[in-house]
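# Have a look at this prediction, sequence included:
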Amino acid sequence: MTTPTLGPPQAIGGPADGCLAGGIPLPADGPGFEVIHLSRHRYFGHPATVAFVERLGRRAAASGLPPFYVGDMAQPRGGPLPYGHASHQSGIDVDIWLDLDTQANLPKAKREDMALPSMLLADGRTLDPKRFDARQVELLRWAATDPAVDRIFVNWAIKRALCDGADGAGDGDRGWLRRLRPWYGHDDHFHVRLSCPPGSTECSAQAPLPPGLGCDATLDWWARQPPPAPPSGPRPIPALPRQCRALLNR
């Protein structure tokens, strides 16, 4: 589907088995951010998601940070993506790239094929001090303290370094670290997932986050896990809520 539906916005189902009604596009350029990979047509979201990105962008711009790049959000009506993520289906997910050596007013043609680096050294366990510094910590802190955010997925090694106080992450209130959750990959971007927006009665919320900051043995477990093998074929299409079928005819 190439266009969103009209009517009230609704995040339906879960991020990995859902769809989106009444979605809106994120502008390709805004204060503090630029959307990349525009040809994928994955820059739609629930209005709450668009509002979150715009808030984060304004805060980054006001502090003097360079613009951050926004990657995948959702398709115009959400649903399973033809390649890439298993999630990003209900309009409440957004990928934000960690590279902040960015260019303002980047031509749209140059946004399609970009080399966006990992924040880790080749060992996959250590932050690259030439790429990751207090700017990324500031951006992550702002994202994690936004009241609309449920959780943020980052590479385990990034969270470990932040738990250990890297680049000022240990200063002040550390409660925001609780929302950072380790996941495979995510060494070059962070994945924001909002809570179910108000009014989205068919949205499936995830289980609440466990107590604590997540800087304990549960995080160390990730250091021992080998990366998963890439899928050998197309990802199976999940069973979607019945409301998603109706979106195809609107």
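The structure has been received and is ready for your questions. Numbering: from 1, shown residues only.
# hey, where'd the helices end up in the protein?
Along the chain, counting by DSSP state H, helices occupy 47-62, 134-144, 156-163, 217-223, 242-247.
# hey, which of those is tucked in deepest?
Most buried of these by mean neighbour count (mean count of other CB atoms under 10 Å) is helix 156-163; its value is a mean of 23. Every C-beta, even on glycine, is put in place using the N, C-alpha and C of the backbone.
# packing partners for it?
Packing partners of helix 156-163 (3 or more CB pairs under 8 Å, 6 or more residues apart in numbering; DSSP states H and E): strand 180-182, helix 217-223.
# quick one: the shortest one to chain centroid distance?
Averaging C-alpha positions (CA atoms, centre = their mean, to the nearest Å) puts strand 180-182 12 Å from its chain's average.
# Each with direction, which strands does that strand pair with?
When sheet partners are counted by DSSP bridges, strand 180-182 sits next to strand 149-154 (parallel).
# average pLDDT for stretch 45-57?
For stretch 45-57, mean pLDDT rounds to 98.
# And that stretch, how far out from the chain middle?
Using CA atoms, centre = their mean, the offset of stretch 45-57 from its chain centre is 11 Å.
# before we move on, back to that, quick one: the helices of the chain as CSV, columns for distance to residue 22 too.
Putting these into CSV (distance: least, CB to CB, whole Å) gives the following:
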stretch, distance to residue 22
helix 47-62, 8
helix 134-144, 24
helix 156-163, 34
helix 217-223, 37
helix 242-247, 10
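# wait, which of those is closest to residue 127?
Using CB to CB as the measure, helix 156-163 is the one of these that comes nearest residue 127, at 4.8 Å.
# export that closest one as CSV, just CAs?
The C-alpha coordinates for helix 156-163 follow below in CSV (Å, rounded to 0.1, in the frame of the first residue of the first chain):
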residue,chain,number,x,y,z
TRP,A,156,24.8,-4.9,24.6
ALA,A,157,28.3,-3.5,24.4
ILE,A,158,27.0,0.0,24.1
LYS,A,159,24.7,-0.5,27.1
ARG,A,160,27.6,-2.1,29.1
ALA,A,161,29.8,1.0,28.4
LEU,A,162,27.0,3.3,29.5
CYS,A,163,26.3,1.3,32.6
